[in-house]
Each structure stands twice: as structure tokens, then as C-alpha cells.
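Colleague: Sharing a model that was predicted from the sequence below.
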Amino acid sequence: MFNSTQAIKVAHAEERGLATLPASTISAVRSWSKIALLTQVVDMLGNSTTAIGTGLVLLIAAQAMVNDAFTIGDFALFTTNIWAVTVWMRIIGNMITHSYQVGVSFQRMENLMQAHPAPR
């Protein structure tokens, strides 16, 4: 049913199609969309931290640059190092979201394999 959504829409059979699905399948799809949304938000925040950090430093350091207390070399050093810091922030954010996804997948597998003992 999920692979033929266009045919279902043309036939105006959305309600009948949803009625055939068990409630657990519908909640699983909703749960998966929440996980996908969380992953997208974390990726967006992680990818924009470099630009946000550089912009904040420009705003804060503008007055110091006028007074020659913050040089172009200081700014170049900062922008070079902020990339390395934000890469680690992105990696940690992605690991958190992926570990959450793995946990949900393991819970679903355990529900499917209730009659069988869990592997070590």
C-alpha cells in the first residue's frame, strides 16, 4: 500500500486503505516521522552552528576590530578552529539521533520476536 500511494489517491481510497491497516502500523509510521523530524532538526542545527558562531564573533568583535584589539589574524584563527569544534558537535548530535533510531528499531524487533529468546 505504501508503494502505490498515487493509485490510492486517484481512486479516492484513502479511508478504505487506512481502515485495513492495523493501529500499530499507523503508530509506527507516525513514530518514524517523528524520528525523521528530530534527525532533520539536529542536522540543520549542526550544519548551521559554524555560520552562527562566526556571525556572533563578528558582531561581538566589531568594536574590538575598530580599536585594533582584535585583528584579522585573530579572526582567521577563530574561523579555522570553529570548524573543527562544530564538526564534533555535528558528529555527537548525529550519534545521539542515530542511537535513538537504533533503540526504536531494537524495540520493534523485540516485539516481533516475542516468542523467541533474545540474542546475546
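Modeller: Received the coordinates, thanks.

Colleague: going forward, measure contacts between C-alpha atoms and count neighbours the same way
Modeller: Fine.

Colleague: Can you get me a residue count around V87?
Modeller: 15 (other C-alpha atoms under 10 Å).

Colleague: For it, which residues are in contact?
Modeller: Shown in contact with V87 (C-alpha atoms under 8 Å, 6 or more residues apart in numbering): G46.

Colleague: contacting residues for the residue nearest to V42 when sequence neighbours are not counted?
Modeller: Distances taken as C-alpha to C-alpha, 6 or more residues apart in numbering put G93 closest to V42, at 6.2 Å, once the chain neighbours are dropped. By C-alpha under 8 Å, 6+ apart, the residues touching G93 are V42, D43, G46.

Colleague: Export those to JSON lines and append columns for pLDDT.
Modeller: Below are the contacts of G93 laid out as JSON lines (pLDDT from 0 to 100):
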{"residue": "V42", "pLDDT": "79"}
{"residue": "D43", "pLDDT": "80"}
{"residue": "G46", "pLDDT": "75"}
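
Colleague: And stretch 52-71, what's buried?
Modeller: G53, T54, A61 (16 or more other C-alpha atoms under 10 Å).
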